[in-house]
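Engineer: Fold the following and give me the result.
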Amino acid sequence: LLLNSLSAFEFWKEMVFHFSSSQDLILRRPGLFHNFLTSLRIQLSHAPKDFFTDEMTSDNFLKVSLVKLSRHLEEALSVAKIRRRSMPRSRMDKFELLRKRKKL
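Structural biologist: Model prediction:
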């Protein structure tokens, strides 16, 4: 989390906030959401080890956003499991086949 541009940082904060606030986005656009999480993980790997515990940086928007994101991911996984259970068997097979193809 290097600060090279204040406007870029503000945009990044907004993106994190919006992605963290939208459970619906997780369900509608899982590929986009996966890309966001991959990017966020890489970005956070550059943060200092004490970023969330240091008293200067511990009380920030990111901690709140990540807690919210975690809650939405858990809820989205529950919804996805319920949807999968309620699919007719033939549709379920197609869904699993598509999912396996994406992993390859």
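Engineer: State the three-state secondary structure for the residue sitting nearest the centre point of the chain.
Structural biologist: Residue closest to the average C-alpha location in the chain (C-alpha atoms, centre = their mean): residue 37, at 4.5 Å. Classification of residue 37 using DSSP: H, G, I helix; E, B strand; the rest coil returns helix.
Engineer: Over to residue 73?
Structural biologist: Taking three-state DSSP, the label given to residue 73 is helix.
Engineer: Okay, and the nearest residue to it once chain neighbours are set aside sits in which element?
Structural biologist: Once flanking residues are discounted, residue 73 sits nearest to residue 26: 6.5 Å by C-beta to C-beta, 6 or more residues apart in numbering. Every C-beta, even on glycine, is put in place using the N, C-alpha and C of the backbone. Element membership for residue 26 (DSSP states H and E) is helix 23-28.
Engineer: Distance from stretch 34-51 to the middle of the chain?
Structural biologist: 11 Å (C-alpha atoms, centre = their mean, to the nearest Å).
Engineer: And for stretch 8-25?
Structural biologist: 10 Å.
Engineer: Pull the residues that contact it.
Structural biologist: 3, 32-33, 36, 40, 61-62, 65-66, 68-69, 72, 75-76 (C-beta atoms under 8 Å, 6 or more residues apart in numbering).
Engineer: hmm, which two among these are most spread apart?
Structural biologist: 3 and 75 (32.6 Å; C-beta to C-beta).
Engineer: The two: which is more packed in?
Structural biologist: residue 75 (13 against 8; other C-beta atoms under 10 Å).
Engineer: low-scoring pLDDT stretches of this structure, where are they?
Structural biologist: For the chain, the stretches flagged by pLDDT under 70 are 1-3, 51-52, 54-59, 82-95, 97, 101-104.
Engineer: And the helices in it, which stretches?
Structural biologist: Assigned helices in the chain, in chain order: 6-21, 23-28, 30-44, 61-86, 89-103 (criterion: DSSP state H).
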